[in-house]
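>>> sequence first, then the predicted structure:
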Amino acid sequence: MNDDQQLTYYSVPHPPENSGVQPARTQHQPADLLFLLPLSSIVLFRNRFDLSTPIHCSSQINSRHTVGYGTPKIGSSFFPFTLVIFAIKTKISSSTSNSIKSDTSPSIKTPNLPSPANGIRAGSPVPHMSTPPGPPVFSSPLQPAAVPFRTSPATPQPVAYSSGSSLPTSSPPPRFSNGSVELHNQTSDVTVEHDVESPNILFSAHKVLKQKKLASTPSLGFGVLVSPGQDVSPGPQIIQRDPHRCHNCGAYANLYCNILLGSGQWQCVVCRNLNGSEGEYIAPSKEELRNLPELSSPLVDYVQTGNKRPGFLPVSESRISALVVLVIDECLDEQHLQHLQSSLHAFVDSLPPTTRLGIVLYGRTVSVYDFSEESTASADVLSGDKSPSEDALRALIYGTGIYLSPIHASLPIAHAILSSLRAYKLNLPEVSRDRCLGTAVEVALAIIQGPSAEMSRGVVKRAGGNSRIIVCAGGPCTFGPGSVPHSLAHPNYPHLEKTALKWMENLGREAHRRNTVVDILCAGTCPARVPVLQPLAKSSGGVLILHDDFGEAFGVNLQRASTRAAGSHGLLEIRCSDNILVSQVIGPGEEAHTDSLESFKSNSALAIQMLSVEETQSFALFMEPRGDIKSDFVYFQFAIQYSNIYQADIARVITVRLPTVDSVSTYLESVQDEVAAVLIGKRTLLRAKNFSDALDMQVTLDERIKDVARKFGSQVPKSKFYRYPKELSLLPELLFHLRRGPLLGNILGHEDERSVLRSLFLNASFDLSLRMLAPRCLMHREGGTFEELPAYDLAMQSDAAVVLDHGTDVFIWLGAELAAQEGKSAAALAACRTLAEELTELRFPAPRILAFKEGSSQARYFVSRLIPAHKDPPYEQEARFPQLRTLTADQRLKLKSSFIHFDEPSFCEWMRSLKVLPPEPS
């Protein structure tokens with residue numbers, strides 16, 4: 001089966017109440033859409049770090065082990081991220097934004113959207129979102145497609161929304177599906193007062209081509225990035241009543257609906273059906289309708305706090321206490337263990353007082369630590385060679401031990417447990433040590449579920465709720481269920497790996513069914529066998545991250561992982577005008593089962609079950625017209641339903657209207673370069689499952705550039721060269737960064753690293769995706785200011801310090817001349833590190849921050865990510881890197897002599913090799 005064919009996926013139905021942990025697997029038949037579900041999901045964060053490991057023991061099942069030991073709450077509104085992000089916005093804008101000068105270079109422009117990943121948040125306008133089109137058919141897992149996108153010269157700009165109901169009155173009376181109704185003066189007409197932007201919804205273009213043939217050009221395409229859990233500032237308008245929905249298709253009433261003022265009836269923008277409003281929309285004038293949030297804002301939140309679900313216990317004021325279970329690898333050497341313990345101690349100290357904590361240790365056995373013992377570190381021990389039996393779990397759960405305890409009551413005990421952890425004593429290589437990771441996660445799920453597993457599901461409480469398992473792993477799962485052999489040379493390794501992979505996926509689905517997310521944080525030098533662990537994190541809605549060690553970055557990610565969730569039980573519904581089709585979806589979700597959807601006469605919505613609702617994830621939606629578009633506007637509506645951290649039911653509705661155009665140049669001018677590049681990157685990475693595929697995708701990008709030039713550019717007279725369309729001047733360079741960077745290039749050495757990076761990128765929000773795709777380069781200036789420059793090697797000036805932000809890595813490079821001046825270099829390094837921390841303050845995963853001097857061996861990490869523009873002629877260098885004009889002749893000569901020659905082409909050389917002239921810098 002090739003990449004363009006549909007793939008089969010599996011989902012797990014709810015098993016009987018008292019069944020085992022592993023659910024049965026059911027194969028679902030694909031429909032007719034391509035639903036591409038990448039790997040693990042990505043999310044936001046908020047706390048800090050910590051980690052550690054329990055004692056090594058080989059005890060009998062249920063034996064008791066005893067060892068002596070030594071020694072913010074976040075906002076109070078429905079949307080906790082709002083206050084946090086606003087505070088950070090204020091901090092950064094005052095400390096950083098004024099110190100960064102935007103260069104006029106065409107390469108990477110300073111984004112003008114609120115961007116946690118970029119770390120600089122200018123005053124953000126009212127957010128708005130957009131929604132994609134009608135229901136496609138899902139061929140579940142990942143199905144790539146080669147649909148390109150364009151981008152415009154400026155940074156991505158969210159679609160402009162009208163702030164009031166915009167309803168035409170002078171146009172001919174519309175026809176309704178249930179009969180012809182003349183609206184004339186009865187129709188409300190709320191005019192556009194100002195534009196509103198939203199970071200939640202980013203379209204690749206702000207206009208839609210009417211001609212199907214041009215709009216469906218594979219190398220350009222059309223799509224949108226949707227971030228369901230992303231915080232918006234200022235917050236959305238809140239409505240505490242049931243929404244008005246179309247009886248025919250289920251769409252929500254919105255600011256673009258035509259409304260009959262006399263009767264209060266409203267016309268659906270999706271299916272044109274006429275609906276009643278129970279008299280709520282009856283008004284003497286259009287001004288009156290502006291008082292209704294859904295008719296005056298493109299983004300509204302419907303909030304339900306009533307007890308409408310079985311087992312739902314509403315909590316109005318306080319956040320539901322989080323539940324975190326640490327599952328810790330006990331097979332660590334002394335050095336790794338010391339770093340892990342430091343991270344764990346700091347992590348435990350950072351947890352809010354109401355957080356309930358559990359600690360589970362795994363090696364050949366699983367040790368569940370008991371918080372009821374105050375003088376000794378005590379653990380109940382289960383065998384790790386097989387899944388725990390119901391009797392063993394019942395004895396554990398109904399015993400006298402306390403395995404989950406609030407931090408305010410057990411902080412000293414938690415520190416004592418972490419201090420009692422001991423290094424691995426046997427003389428075995430790291431890869432040969434037995435680790436029953438799968439069994440440990442099963443036990444962790446059981447103690448989270450508690451006795452409620454014995455009851456009818458949800459009668460007393462909803463199991464799990466706001467629960468998270470964080471696995472701290474130093475190597476692969478090599479013992480018990482879900483394990484693989486120690487050696488890759490094992491004769492039956494491929495089969496055993498396949499079996500382990502499916503077992504881990506089923507375990508992840510079971511965790512998701514119990515509303516528990518499993519994050520896996522790996523560190524150290526031992527290969528983690530990512531293909532086996534990835535399905536566990538992905539299927540539960542969690543993330544897998546690799547670290548060099550258990551030090552600072554690991555600790556920060558541990559902390560941020562525990563606090564990043566925005567909600568659970570997420571469902572994303574997408575509706576759009578009848579002439580637009582959603583052809584492909586990439587993101588951390590799966591097709592929603594029809595029995596979970598509300599029934600309407602003609603509900604054509606595309607419904608996506610989100611594995612988790614978190615701020616740092618997004619869905620990439622690719623769309624195309626079913627035929628030529630005749631209307632002046634097309635409409636998109638997103639409905640995001642989830643339970644927030646206060647256990648209130650939220651339905652966030654975002655409606656977008658885009659104008660349609662005949663002119664290709666007008667359409668190209670509306671294209672958003674950076675959004676289009678990210679969409680192209682996600683579609684390309686979906687097919688790059690290994691390094692061989694990545695090489696093929698490099699060729700695909702080359703063909704994409706050539707195809708856009710042929711179809712939308714112009715041929716140079718008497719030449720085989722084409723001019724790239726000037727409206728898309730930034731897109732080629734962004735794709736060149738993608739082609740040669742760590743996602744598709746050969747910068748990363750191990751396939752595990754490439755697999756994890758690919759998974760993060762496919763699920764990441766726009767901000768992080770853009771930084772992973774194309775690095776951001778900032779040069780330090782005297783006075784502590786920074787100048788943003790293109791990510792070219794021409795920035796490597798010996799008297800300067802440079803910060804390069806590449807998403808999951810941030811590099812600080814000190815020139816040799818500057819490094820020789822001890823005082824100046826120390827000040828520059830401190831300023832660069834402060835900037836790096838501010839840029840990544842809200843990023844998850846937290847990146848590595850590496851600093852090094854010019855000429856050092858580590859500097860190759862920095863050099864390999866910069867475009868080798870030193871190979872271009874001087875006039876081209878100055879056009880694309882204007883900062884060169886400020887250098888003296890001696891400085892330019894010294895810069896030129898510092899470069900080492902190698903064969904990799906510059907951006908301009910690459911474009912010319914494709915018979916395409918590089919676009920002029922904008």
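Yes, it's here.
>>> and the helices in the stretch 801-922 of the chain?
816-820, 822-839, 859-863, 874-880, 889-897, 907-913 (DSSP state H, counting those that start in this stretch).
>>> may I see these organised as CSV, with distance to N291, mean pLDDT and mean neighbour count added?
Glycine gets a C-beta too; all of them are placed from N, C-alpha and C. Listed next are the helices of the stretch 801-922 of the chain as CSV, based on distance: least, Cβ to Cβ, whole Å; pLDDT from 0 to 100; neighbours: other Cβ atoms under 10 Å:
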stretch, distance to N291, mean pLDDT, mean neighbour count
helix 816-820, 60, 94, 17
helix 822-839, 41, 94, 17
helix 859-863, 56, 91, 17
helix 874-880, 52, 93, 16
helix 889-897, 62, 92, 12
helix 907-913, 53, 95, 18
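>>> of all the ones you listed, which one is nearest L804?
Closest to L804 of the helices of the stretch 801-922 of the chain is helix 859-863 (Cβ to Cβ; 5.9 Å).
>>> just checking, what packs against that closest one?
Packing partners of helix 859-863 (3 or more Cβ pairs under 8 Å, 6 or more residues apart in numbering; DSSP states H and E): strand 809-814, strand 848-853.
>>> what ranges does the stretch 151-300 of the chain have for its helices?
Assigned by DSSP H, counting those that start in this stretch, the stretch 151-300 of the chain shows helices spanning 212-215, 286-289.
>>> with the stretch 401-550 of the chain instead?
Applying DSSP H, counting those that start in this stretch to the stretch 401-550 of the chain gives helices spanning 407-419, 437-449, 493-513, 530-540.
>>> report the mean per-residue pLDDT for the last one.
Translated: helix 530-540. For helix 530-540, the mean pLDDT works out to 94.
>>> residues in contact with N248?
Listed by Cβ atoms under 8 Å, 6 or more residues apart in numbering, the contact set of N248 reads 177, 268, 271, 273, 275, 600-602.
>>> who wins on neighbours among those residues?
Neighbour tally across these (other Cβ atoms under 10 Å): the maximum, 27 neighbours, falls on C268.
>>> next, give phi and psi for the closest residue to it other than its chain neighbours.
Spatial nearest neighbour of C268, chain neighbours left out: C246 (4.0 Å); criterion: Cβ to Cβ, 6 or more residues apart in numbering. Per-residue torsions, C246: phi -70, psi 130 (degrees, to the nearest 10).
>>> what sits against C246?
By Cβ under 8 Å, 6+ apart, the contact list for C246 reads 252-253, 268, 270-271, 273, 275, 600.
>>> which two of these have the greatest separation?
A253 and F600 (14.1 Å).
>>> and of the contacts of C246, the nearest to L344?
Using Cβ to Cβ, Y252 is the member of those that lies nearest L344, at 45.8 Å.
>>> just give me the neighbour total for the closest one.
Y252: 24 neighbours (other Cβ under 10 Å).
>>> now the residue lying closest to it once chain neighbours are set aside, which residues is it bridged with?
With Cβ to Cβ, 6+ apart as the criterion, Y252 has its nearest non-adjacent residue at 4.7 Å, and that residue is V653. Note on V653: beta-bridge partners V300, A639, judged by DSSP bridges.
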